[in-house]
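Asks: quick one, fold the following:
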Amino acid sequence: MVQTQTLDRKARIKIPFEEPPKRPVSDRLKDFRETQLPLTPERAIREATRCLQCPLAPCVKACPVHNNIPGALMKIEQGDFLGAAEIYRQTSSMPQICGRVCPHEQLCQCACVRNKTNEPVLCGALESFVADMARAQNPFLIHPGAPTGKRVAVVGSGPAGLACAEQLIQRGHQVVIFDSAAAPGGMLFYGIPGFKLENSVVQALVEDLRHAGAEFRLHTTIGKGLPIDRLLADGFQAVFLGTGASRPSGITIPGIELRGIYSPNEFLARLNVEAEYLPPAWRTKLPIGQKVVVVGGGDTASDCLRSALRLGAREVTCLYRRTEAEMPGGKKDRELAREEGAVYHFLAQPIRFIGDTQGKVCAVECLRCKLGEADAEGRRRPVPIEGSNFTVPADTVVLALGYEPDPEIGATTGGLETQNNGLIRIDPENGATSRPGIFAGGDSVTGPDLVSTAMAAGRRAAQSIDSFLQNPPA
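Replies: Numbers count the residues shown, from 1 in each chain. Coordinates of the predicted model:
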């Protein structure tokens, strides 16, 4: 870590906290551009100087990729923005993305000792600031290593796959990235709205990888039609599975077949992605009406709520079976959703979708709940209260209930061990699966998790793949 300190601790403590800059609600509801405003160089230096340069650096421990945050912030304090960006890139494959979408209030900023006065250093805003500046100076930051002649197939172009590919290319290996979609990026491109992460940021990373030598084969599904064993037979010496968990979880209650009920995949993609990158059935304008109900409590639910508000819906309501304390999504996103006009109904469990005479949803019938005993994850179970029925009007319903992995890879790859829920079993130390030469990481292993944890898994697997390629089994 950088040791130079220009101010003592007492002087740093006296620098006042400033709220992160963001667009006014009236402006941001008119479009899907990013909510957070970038820092100015002066503001970045002032914010970085608030870092107390703690010897134990709890922020580093709380970061899934263990970014050297104090070292980077010291560089920013000194005005060396490109030097700070380089520090982030030593541990992160996508600081310009993680600086925007990571729940910093639950990770590095949560660990900041300045939380004792509720004034953490804005680690995320500083990370994206210097990463954007580095990209503006040089759009191609990935430099391929000396060619090894080894070929690796990366299946899936989400954060795990892209991070794995970046690390392999820098080690000199030839990488081909397979994805069933029309555009690379996985959930970064299709699942995160522009007000959190504009697609141009993802596309810049993809172009950097292309410039460094990565080949993208899109519209290509690996599984039944093109199994993993075919890739190995075609000359790939190793395979990384970063297929994610993109199948929406559903519910089975009366009325589920009604028109106007959407998965979060379709809802978010049709609002945020250009038509040319969508399936033909999704290319028409999405009619949502004035009353939108989102069922679920994660980050995806917040994304759907905020998207509906930008389409002009007058009443946007979230239904969640537990209380806010049990919600898995980030507090920051919920605060922004409320600020923009969303309403939350807690302890509410849908039991029926009600349709009109045209077969379109018009209301959601719910039961009120109370919290019972804790489940296996430690969250108290919602217990419906009989006779507490109530209805919520709805022109559109989005079922943001979580995601599951696609079981096709496991079903079509002999000897590849998976769990009952379709998640791939790996050695957590190196990402190796039960099949030699096949590695995996990200949401296809852990289930839905953070961009940063998927990225870390991809980087970790790349290191193991490199070792495997250098010392293949006899």
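Asks: and the contacts of the top strand by length along the chain?
Replies: Ordering each strand of the chain by length in residues (DSSP state E) puts strand 361-374 first. Applying Cβ atoms under 8 Å, 6 or more residues apart in numbering, the contact partners of strand 361-374 are 255, 258-261, 293, 295, 319, 321-323, 326, 345, 347-356, 380-386, 388-397. In short, each C-beta sits where N, CA and C put it, glycine included.
Asks: repeat the analysis, applying 7 Å as the threshold.
Replies: Contacts of strand 361-374 with the rest of the structure, by Cβ atoms under 7 Å, 6 or more residues apart in numbering, involve 255, 258-261, 293, 319, 321-323, 347-356, 380-385, 388-394, 397.
Asks: in ChimeraX, select just the buried ones from the residues you listed.
Replies: Listed next is the ChimeraX selection for buried residues among the contacts of strand 361-374, using 16 or more other Cβ atoms under 10 Å:
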select :255,258,260,261,293,319,321,322,323,347,348,349,350,352,353,354,355,382,384,392,394,397
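Asks: what about Phe439, which SS state?
Replies: Judged by DSSP: H, G, I helix; E, B strand; the rest coil, the three-state class of Phe439 is strand.
Asks: contacting residues for it?
Replies: Ala238, Phe240, Gly431, Ala432, Thr433, Ala461, Ser464, Ile465.
Asks: want to throw those residues into a markdown table with pLDDT, neighbour count and distance to Gln78?
Replies: Shown next, in a markdown table, are the contacts of Phe439 (pLDDT from 0 to 100; neighbours: other Cβ atoms under 10 Å; distance: Cβ to Cβ, whole Å):
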| residue | pLDDT | neighbour count | distance to Gln78 |
| --- | --- | --- | --- |
| Ala238 | 98 | 25 | 41 |
| Phe240 | 98 | 31 | 38 |
| Gly431 | 97 | 28 | 37 |
| Ala432 | 98 | 19 | 42 |
| Thr433 | 98 | 26 | 45 |
| Ala461 | 98 | 32 | 35 |
| Ser464 | 98 | 20 | 36 |
| Ile465 | 98 | 28 | 37 |
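Asks: other SSEs contacting the helix or strand where Val294 lies?
Replies: Take DSSP states H and E as the rule and Val294 turns out to sit in strand 291-295. In terms of contacts (3 or more Cβ pairs under 7 Å, 6 or more residues apart in numbering; DSSP states H and E), strand 291-295 is packed against helix 299-310, strand 315-319, strand 396-399.
Asks: picking up where we left off before, which ones among the contacts of strand 361-374 are found in strands?
Replies: 261, 293, 319, 348-355, 380-384, 390-393, 397.
Asks: domain ranges for this structure?
Replies: 9-137, 151-246+404-470, 250-401 (automatic domain parsing).
Asks: so how far is the longest one from its chain's centroid?
Replies: Spelled out, it's domain 151-246+404-470. Relative to its parent chain, domain 151-246+404-470 has a centroid offset of 15 Å by Cα atoms, centre = their mean, to the nearest Å.
Asks: find the nearest non-adjacent residue to the residue nearest the centre of the chain, please.
Replies: Centroid-nearest residue in the chain, with Cα atoms, centre = their mean: Val451, separated by 4.0 Å. Closest residue to Val451 apart from its sequence neighbours, by Cβ to Cβ, 6 or more residues apart in numbering: Pro159 at 4.8 Å.
Asks: can you list the strands that the longest strand of the chain pairs with?
Replies: With DSSP bridges as the test, strand 361-374 is paired with strand 348-355 (antiparallel), strand 380-384 (antiparallel), strand 390-393 (antiparallel).
Asks: dump those to JSON lines, plus mean pLDDT.
Replies: Below are the strands paired with strand 361-374 laid out as JSON lines (pLDDT from 0 to 100):
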{"stretch": "strand 348-355", "mean pLDDT": "98"}
{"stretch": "strand 380-384", "mean pLDDT": "94"}
{"stretch": "strand 390-393", "mean pLDDT": "98"}
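Asks: okay if I get the ones you listed as a markdown table plus distance to Leu52?
Replies: Formatted as a markdown table, the strands paired with strand 361-374 follow (distance: least, Cβ to Cβ, whole Å):
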| stretch | distance to Leu52 |
| --- | --- |
| strand 348-355 | 43 |
| strand 380-384 | 37 |
| strand 390-393 | 47 |
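Asks: which among those strands is found nearest to Ile15?
Replies: Nearest to Ile15 among those is strand 380-384 (41.3 Å), distances taken as Cβ to Cβ.
Asks: hmm, back to that, looking at the domains of the chain, which is nearest to Pro144?
Replies: Across these, closest to Pro144 is domain 151-246+404-470 (Cβ to Cβ), at 5.0 Å.
Asks: kindly check the end-to-end length of that closest one for me.
Replies: 12 Å (Cα to Cα, to the nearest Å).
Asks: stretch 315-326 now?
Replies: Note: stretch 315-326 ends 24 Å apart using Cα to Cα.
Asks: returning to what we had before: now, the contacts of Phe439 that are in helices?
Replies: Ala461, Ser464, Ile465 (DSSP state H).
Asks: ok so, going back, using TSV, please lay out the helices and strands packed on strand 291-295 together with mean pLDDT and distance to Asn420.
Replies: Shown next, in TSV, are the helices and strands packed on strand 291-295 (pLDDT from 0 to 100; distance: least, Cβ to Cβ, whole Å):
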stretch	mean pLDDT	distance to Asn420
helix 299-310	97	23
strand 315-319	98	28
strand 396-399	98	23
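Asks: need the ones you listed in TSV with distance to Ala72, can you?
Replies: Converted to TSV, these look like this (distance: least, Cβ to Cβ, whole Å):
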stretch	distance to Ala72
helix 299-310	25
strand 315-319	36
strand 396-399	38
